[in-house]
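In: whatever this is, show me its structure:
(chains A, B, C and D)
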4 protein chains.
Amino acid sequence: MKPISEEITLEGHIIDSWNLPRAWDRIMDSGGEFELIEIRVGKQKEETSFAHMKVFTDTVAAMALLLEALTELGAVVVSPDDVKTEAAPRDGALPDDFYSSTNMPTQVRLDGRWVQVANTEMDLAIVIDRAAGAAAMIPMTEVKQGAAVVVGHSGIRVQPLARSRDKEIFSFMNADVSSERPKRLAISQIAREMQETKARGGKILFVAGPAIVHSGAAPALAKLIRNGYVNVLFGGNAIAVHDCEAAIFGTSLGVALTTGQPVEGGHRHHMRAINRIRRAGSLREAVAQGILTSGIMYEAVRANIEMVLAGSVRDDGPLPDVVTDMMEVQKKMRAAVQGVELALMVSTMLHSIATGNMLPAWVKTVAVDINPAVVTKLADRGTFQAVGLVTDAELFLRELAEELEIKE
Amino acid sequence: MKPISEEITLEGHIIDSWNLPRAWDRIMDSGGEFELIEIRVGKQKEETSFAHMKVFTDTVAAMALLLEALTELGAVVVSPDDVKTEAAPRDGALPDDFYSSTNMPTQVRLDGRWVQVANTEMDLAIVIDRAAGAAAMIPMTEVKQGAAVVVGHSGIRVQPLARSRDKEIFSFMNADVSSERPKRLAISQIAREMQETKARGGKILFVAGPAIVHSGAAPALAKLIRNGYVNVLFGGNAIAVHDCEAAIFGTSLGVALTTGQPVEGGHRHHMRAINRIRRAGSLREAVAQGILTSGIMYEAVRANIEMVLAGSVRDDGPLPDVVTDMMEVQKKMRAAVQGVELALMVSTMLHSIATGNMLPAWVKTVAVDINPAVVTKLADRGTFQAVGLVTDAELFLRELAEELEIKE
Amino acid sequence: MKPISEEITLEGHIIDSWNLPRAWDRIMDSGGEFELIEIRVGKQKEETSFAHMKVFTDTVAAMALLLEALTELGAVVVSPDDVKTEAAPRDGALPDDFYSSTNMPTQVRLDGRWVQVANTEMDLAIVIDRAAGAAAMIPMTEVKQGAAVVVGHSGIRVQPLARSRDKEIFSFMNADVSSERPKRLAISQIAREMQETKARGGKILFVAGPAIVHSGAAPALAKLIRNGYVNVLFGGNAIAVHDCEAAIFGTSLGVALTTGQPVEGGHRHHMRAINRIRRAGSLREAVAQGILTSGIMYEAVRANIEMVLAGSVRDDGPLPDVVTDMMEVQKKMRAAVQGVELALMVSTMLHSIATGNMLPAWVKTVAVDINPAVVTKLADRGTFQAVGLVTDAELFLRELAEELEIKE
Amino acid sequence: MKPISEEITLEGHIIDSWNLPRAWDRIMDSGGEFELIEIRVGKQKEETSFAHMKVFTDTVAAMALLLEALTELGAVVVSPDDVKTEAAPRDGALPDDFYSSTNMPTQVRLDGRWVQVANTEMDLAIVIDRAAGAAAMIPMTEVKQGAAVVVGHSGIRVQPLARSRDKEIFSFMNADVSSERPKRLAISQIAREMQETKARGGKILFVAGPAIVHSGAAPALAKLIRNGYVNVLFGGNAIAVHDCEAAIFGTSLGVALTTGQPVEGGHRHHMRAINRIRRAGSLREAVAQGILTSGIMYEAVRANIEMVLAGSVRDDGPLPDVVTDMMEVQKKMRAAVQGVELALMVSTMLHSIATGNMLPAWVKTVAVDINPAVVTKLADRGTFQAVGLVTDAELFLRELAEELEIKE
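Out: Residues are numbered from 1 along each chain as shown, chains lettered A, B, ... in the order given. Model (predicted):
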């Protein structure tokens, strides 16, 4: 038997969530060994299971790495130490060995007590306030010099989510981005989820790409907003510009939305639309002045929902409402996703990945794109709640809007 | 000036169809030169134009190649020779210098008279029956030893199609396979085209891939057949198998079409479905025996439409109705496309390309696929009539079926 | 506890191969329950594990379906019955409840004895020769009326493959079709695998698509054949035609391979190349007559390797060597894959899937395509031995050929 | 004849560039008519052509739109007016009817004299300095209130580029993003172009995406920089982070670049790498402190080339060198592209489109990506100089580096 050993336990839906076999796998992949001290397997899907193991490695360093990995699978070291911290060496920088967070609920052990860590987002640092007995996840850039940053792996407990076995969309298309499944069912289930979320006062986030406007689906999204199905809207300059172009000129990239024909001089429309809103001063001003009288932006202003338009290096203009500093925009998005329970991401890889990175693992997430690569990337978030739908954004949105009306 | 010269004329919609500038381009690309003897440009879209040019090359061989290319653009050599022929050297083989046909209306000059060539299909040989003063396009494999096969380029006149400027789908999406155009308009225009074709007794061809069944769109296609919108149906073993699986077991590749959930043991269903039909003897027998009571195959049998199911190397089974010899299947498809005026190709690259190769350039063709590469390949047929739609087959077919019902 | 129960055991690399957790998952997904009677988990990767469970379901039918699924994961029913058979109802058709095979080693229980089933291929029937005490997998279409066909699930034992943990390509890219991994390493490991296979006299199969020729990689593949790295070659009409076009005219689809420029009249070359070979009578004749003096087909004829060219509905010509009947071609391919230990599939979805369906699970398979969708589909074969590489076929083949030369 | 008329001329390579037939097409598409007053067609590729036409429309508004479109094709109105201007209504906003620039050389008529417009970039405004008799293209956001902004279409002359007929990469792959062409030739021609550009002191711009690092191609790009083949480097946070991760930990996204195996704890490496650089203060500091001793960033710092790292909404960290404000980053990029003669864009849609929008039409541009959609989008820039290569970035870069070494 290898010389270094630790005892760990796993408890909960560890069969169902595949976390127990994953743990075994991880141990063997790392060249370690294990001894099964006790195993109790839940006989039905509601029952939880329990495993108690002794883990062996050749070196202390190997054990540290292995425990870090097992910790993410929910393993807890028997008789654990308290969490360890080091002081941040300067503003916006961390100790070398800092613990980088997952998007799952996390606890740290302070003075022998397990304390819930505030905020849940992947790839952040955990900062401890010992005086208050509190812990929080914080972006690297916002950590102040001297803050007590969690390092290493001890005294940390991650609670992996159980895999759902429900007969709903969020199990239905699990880890499956095929374009060959019946979408009608998926859309109907998404509609039901939206209604339930709205009914219980949960927030719905919509991340929207410009193809929604090009393809003529803006009225469907506008209707969702008008009917209260969107509480937070994320997008870039492009969707806002094309929506304004559609509202002002009836075209998108110069193509008339009513006939599908390019309009003479139409390729200039998007620059002219940007200019109109810049002259007005803001989208809200443009609505007030009667320049903007329909569309996604119009409804978003009227419904007064939270909206973050993120700039990018390729923007024309941009519109005055676009946040051009990326630190600023991330702050605004982080604030806006608080309380979101359902996220729909349609036809935008950049903003979807940005948003996905900020969401806790338990937020139900649907990614829709005609390009399977985008959907795969988004569904790769490592949670059981993200599902992908490879389909046409236009037909999807129109059918979703119809479905929501029928159900009402 | 280069030493070898020929005079050619181009007439018709040579501006509109870009054939005149294409001809100039071709001459310059080949290193040749030209002198414009006369040009009359139609001032409006209905008027035809005329150009008379002298073309120069360095060698006779270069002139031969250049005239061959110009001929395909509709150029006619002034005071042309008769068409030249050579005898086929053996059954199924041609003289080396044989003329390989285009998919455009073609004439050959026999005894000073322009004679229309029967059949129109690309990449065939033209065989002359001098006794009858007739000419026909024939597949290489069906040419008999000794047949008079057209060689070289003289005495051949191709009539390029004018580019349509109509405000319909077939101009609308011209050479444009973007997924970012409004599909609602396109679907509505396709529906209108189908109704007009049906009303005037034209044949509609549907080339169907298996994703139609997986995605739950089979009922929509079945409805199109039932309502008389499909006269000819092409597909492979897969769509027929999955349709039978759906009709018999309610699943497609083992996934229940009503819930989207995999069914226990369902991955065996497709083999069982094949076996059921094989036991019955044929699809028609399976309908007669009450084994098949719904679906695409059921409706196709009931409506008695022409159907060709082509085998492929990857087929399971196959179903007894599948034609497993490729020479045989091409013959059946060639016979079935006669009189087709509108072709819809949905979610099947292999059968769509096979069919596209057999269609004259004037057949209006719509290719629908979620993969832009497939649509590009199909739309690359070099005709103004082929349009591509990058969208979801399921949502497309359901919307098309609805659109046709509303219009009725 | 549910009323119907059976005892099963799983033995071998059931942790490593994830078959034990998969079995638990399957039981719970199906609504069943289980009781763990005994579990012994191998402490290191070389040790096997053992699990003994009692499984419960509500109905006998549910138990049958569940055992069928567990059987595929390697579960064996404790004190099993003999395998059951029924007579085939007619030539080419099976009893309704026939057992459809997997691509893993399989045994059936005859008179209390476990007998290895000859041939290994998915989706076939198992036919028993009771007199000889033998069993074999046979395609549905080749089963004769009255043959003893295995039905149900009892008396069948499938031996799942262990998942490799080796530091070689076949673990390296496991279930991973990313285009973002270093290909240089993968190519080097494939080269080593080829050399080892060749050294021990194993057969290497190459399934080749036409893009190999278009992209100028034919000389690399020709070199592999010349140097003895290809024992069996599968392809379609297209690759053979384009290879002949390249050998005769120096073009592929009319584009000169030395300059990348289209050649005047070159789009006719592929039809002319087909015609040349048809005049000669066969590829072998064309080599003998000096018509074909280089290229893939030339080397394949010279090296006298097994070659199957499968026809398809979209073929031009085809070449005289192409097998146009799909039943015939499947027979030839089945015969040729016997003894294959390594399969490389490059740039051809149709032939790759066809071939993949015929290979036992233990054949190491590498699928190379620039389109991730193709690679995903091919890697979806459910075995641990299939790996996918999303890359450029041309650069891949040239680098592979160089790598093999360096290693020699 | 329609009532409103204008006389226009086109001169130059108007056949070759297809601008004459495009002009005819545009007139007819818009419902207008034309009369050909004179046409002189250049007989060889070196000769220019000339056309003089009278154009007719129904309304003055239609004529204005039509002339705008014809202007972009190089048409000049006979006896033109001076350019018209209006005052910018506020900082960062333009008169409604502002002229939006193309990426082609442009002149405006001031007091009867044609004046060259400084800067060349699409979608900018043109601002006139009447006192100095000068004109310049300026981004909307930088226009000051009261500036004299060009409006309408009169007095503007655009000089379309001739289409090259050279036997080089930049004609070779024209408008062709096929993955089926021989890349070996293309790479060789790109290498020659790089050497010629370097030899004559022209600037070479490289726009680089993170897949370059994941795929193990960073050493190849580092070598290009070391050998002086990159003068300007654009990228995002991701490529810089992954390059630093590779340099510090030998991994990319936690996968070891030497073995292709995931490293225990490696998925934390990118956050740790960011933190190391943040602790150092900047990339330059990290090189100075010996933290960074190899890779793309190391070579770029050492060679002291111009580098712009643009932030995006999805960035982790970011690195201290990343410019997070998008207005700022566009300014820096605009400054850096001055004098660029050759642009290589590899595996990054966002930065490539951003850069493409800023480049004059005459900059030779090569876009390389494994995804055809990206290449199509980039090649859609409407210039004859942009070519696309659908291939593997890793194999492309390594072959390019080898090719450059051989040639030296």
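In: which ones are touching the closest residue to A:Ile353 other than its chain neighbours?
Out: Leaving aside its chain neighbours, A:Ile353 sits nearest to D:Arg314 (4.9 Å; criterion: C-beta to C-beta, 6 or more residues apart in numbering or on different chains). Yep, even glycine has a C-beta here, placed from its N, CA and C like the rest. Listed by C-beta atoms under 8 Å, 6 or more residues apart in numbering or on different chains, the contact partners of D:Arg314 are A:Leu350, A:His351, A:Ile353, A:Ala354, A:Asn357.
In: state the pLDDT value of D:Arg314.
Out: Note for D:Arg314: predicted pLDDT of 92.
In: where does the prediction get shaky in chain A?
Out: Within chain A, the stretches with pLDDT under 70 are A:43-46, A:162-181, A:379-385, A:407-408.
In: domain ranges for it, per the record?
Out: Using automatic domain parsing, the domain parsing of chain A gives A:1-79, A:80-161, A:169-407.
In: give me whichever of the ones you listed is most buried.
Out: domain A:169-407 (a mean of 21; mean count of other C-beta atoms under 10 Å in any protein chain shown).
In: backbone dihedrals for A:His270, both of them.
Out: Main-chain dihedrals, A:His270, degrees, to the nearest 10: phi -70, psi -30.
In: tell me how far it lies from C:Gly260.
Out: Distance, A:His270 to C:Gly260, using C-beta to C-beta, to the nearest Å: 36 Å.
In: same check, this time on A:Leu233
Out: Using C-beta to C-beta, we find A:Leu233 at a distance of 48 Å from C:Gly260.
In: try A:Asp392
Out: Using C-beta to C-beta, A:Asp392 is found at 36 Å from C:Gly260.
In: chain B contacts on the stretch 251-400 of chain A?
Out: Counting by C-beta under 8 Å from any C-beta of the partner chain, the stretch 251-400 of chain A comes close to chain B at A:253, A:255, A:257-261, A:370, A:390-392, A:394-396, A:398-399.
In: so which of those belong to helices?
Out: Taking DSSP state H as the definition of helices, those contribute A:Glu394, A:Leu395, A:Phe396, A:Arg398, A:Glu399.
In: excluding sequence neighbours, find me the nearest residue to the second one.
Out: If you skip the residues right next to it in sequence, A:Leu395 has B:Leu395 as its closest partner in space, 3.5 Å away by C-beta to C-beta, 6+ apart.
In: that neighbour and A:Leu389 touch, don't they?
Out: No: between B:Leu395 and A:Leu389 there is no contact under C-beta atoms under 8 Å: 11.1 Å.
In: the biggest helix by length in chain A: what's the following helix or strand?
Out: With secondary structure taken from DSSP H, chain A has its longest helix at helix A:183-199. From helix A:183-199 onward toward the C-terminus, using DSSP states H and E, the following helix or strand is strand A:203-208.
In: got the CA coordinates for that next one in PDB?
Out: Extracted in PDB, the C-alpha atoms of strand A:203-208 (Å, rounded to 0.1, in the frame of the first residue of the first chain):
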ATOM      1  CA  LYS A 203     -36.400  35.900 -12.500                       C
ATOM      2  CA  ILE A 204     -36.000  34.900 -16.100                       C
ATOM      3  CA  LEU A 205     -32.800  36.000 -18.000                       C
ATOM      4  CA  PHE A 206     -32.700  36.200 -21.800                       C
ATOM      5  CA  VAL A 207     -29.300  36.500 -23.500                       C
ATOM      6  CA  ALA A 208     -30.000  37.500 -27.100                       C
END
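In: who does it touch, helix- and strand-wise?
Out: helix A:183-199, helix A:218-226, strand A:232-236, strand A:340-346, helix A:349-358 (3 or more C-beta pairs under 8 Å, 6 or more residues apart in numbering or on different chains; DSSP states H and E).
In: from the contact counts, what lies against the last one?
Out: Contacting helix A:349-358 under the criterion 3+ C-beta pairs under 8 Å, 6+ apart are the following elements: strand A:203-208, strand A:232-236, helix A:326-336, strand A:340-346, strand A:364-369, helix A:372-379.
In: dump these to TSV, plus distance to D:Gly290.
Out: Output for those, formatted as TSV (distance: least, C-beta to C-beta, whole Å):
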stretch	distance to D:Gly290
strand A:203-208	42
strand A:232-236	40
helix A:326-336	29
strand A:340-346	42
strand A:364-369	43
helix A:372-379	36
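In: and of those, who's closest to D:Ala87?
Out: Nearest to D:Ala87, of all the helices and strands packed on helix A:349-358, is strand A:232-236, at 31.1 Å by C-beta to C-beta.
In: can you state the direction angle for the closest one and strand A:203-208?
Out: Counting by axes from the mean of the first three to the mean of the last three C-alpha atoms, to 10 degrees, strand A:232-236 lies at 20 degrees to strand A:203-208.
In: could you confirm whether strand A:232-236 reaches chain B?
Out: No: using C-beta under 8 Å from any C-beta, strand A:232-236 never reaches chain B; the gap is at least 15.3 Å.
In: likewise for stretch A:209-220?
Out: Yes: using C-beta under 8 Å from any C-beta, stretch A:209-220 reaches chain B at A:Ala211, A:His214, A:Ser215, A:Gly216.
In: one more: stretch A:238-248?
Out: No: Stretch A:238-248 lies apart from chain B when judged by C-beta under 8 Å from any C-beta; the minimum separation is 9.9 Å.
In: what's in contact with that stretch?
Out: A:208-210, A:212-214, A:218, A:251-253, A:257, A:269-270, A:272-274, A:276-277, A:283, A:286, A:291-298, A:309, A:315-319, A:321-322, A:348.
In: once you drop chain neighbours, what's closest to A:Leu292?
Out: Closest to A:Leu292 by C-beta to C-beta, 6+ apart is A:Ala286, at 4.4 Å.
In: name the SS class of the one you found, please.
Out: Here A:Ala286 is recorded as helix under DSSP: H, G, I helix; E, B strand; the rest coil.
In: pretty sure it contacts A:Asn275?
Out: No: counting by C-beta under 8 Å, A:Ala286 stays clear of A:Asn275, with 11.3 Å between them.
In: thinking again about what came up before, now do the SS call for the residue nearest to A:Ile353.
Out: At D:Arg314 the chain is in coil, as set by three-state DSSP.
In: re the thing from before, so which of the residues of stretch A:209-220 next to chain B sit within helices?
Out: Among the residues of stretch A:209-220 next to chain B, the ones falling in helices (DSSP H) are A:Ala211, A:His214.
In: list the residues that contact A:Trp24.
Out: Shown in contact with A:Trp24 (C-beta under 8 Å, 6+ apart): A:Phe34, C:Ile15, C:Val41.
In: my read: the second one touches A:Pro21, true?
Out: What it means is C:Ile15. Yes: C:Ile15 is within contact range of A:Pro21, at 6.6 Å (criterion: C-beta under 8 Å).
In: overlap in contacts, those two.
Out: Here C:Ile15 and A:Pro21 share the contacting residues C:Pro21, scored by C-beta under 8 Å, 6+ apart.
In: chain center to stretch A:361-368: distance?
Out: Averaged C-alpha coordinates place stretch A:361-368 at 6 Å from its chain's average position (C-alpha atoms, centre = their mean, to the nearest Å).
In: for the residue most central in space within chain A, give me its contacts.
Out: Among the residues of chain A, A:Gly356 comes closest to the average C-alpha position under C-alpha atoms, centre = their mean, at 2.5 Å. Taking C-beta under 8 Å, 6+ apart, we find A:Gly356 in contact with A:Ala343, A:Met345, A:Thr365, A:Leu378, A:Arg381, A:Ala386.
In: turn those residues into JSON lines, columns for distance to C:Gly74.
Out: Formatted as JSON lines, the contacts of A:Gly356 follow (distance: C-beta to C-beta, whole Å):
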{"residue": "A:Ala343", "distance to C:Gly74": "40"}
{"residue": "A:Met345", "distance to C:Gly74": "40"}
{"residue": "A:Thr365", "distance to C:Gly74": "35"}
{"residue": "A:Leu378", "distance to C:Gly74": "35"}
{"residue": "A:Arg381", "distance to C:Gly74": "32"}
{"residue": "A:Ala386", "distance to C:Gly74": "31"}
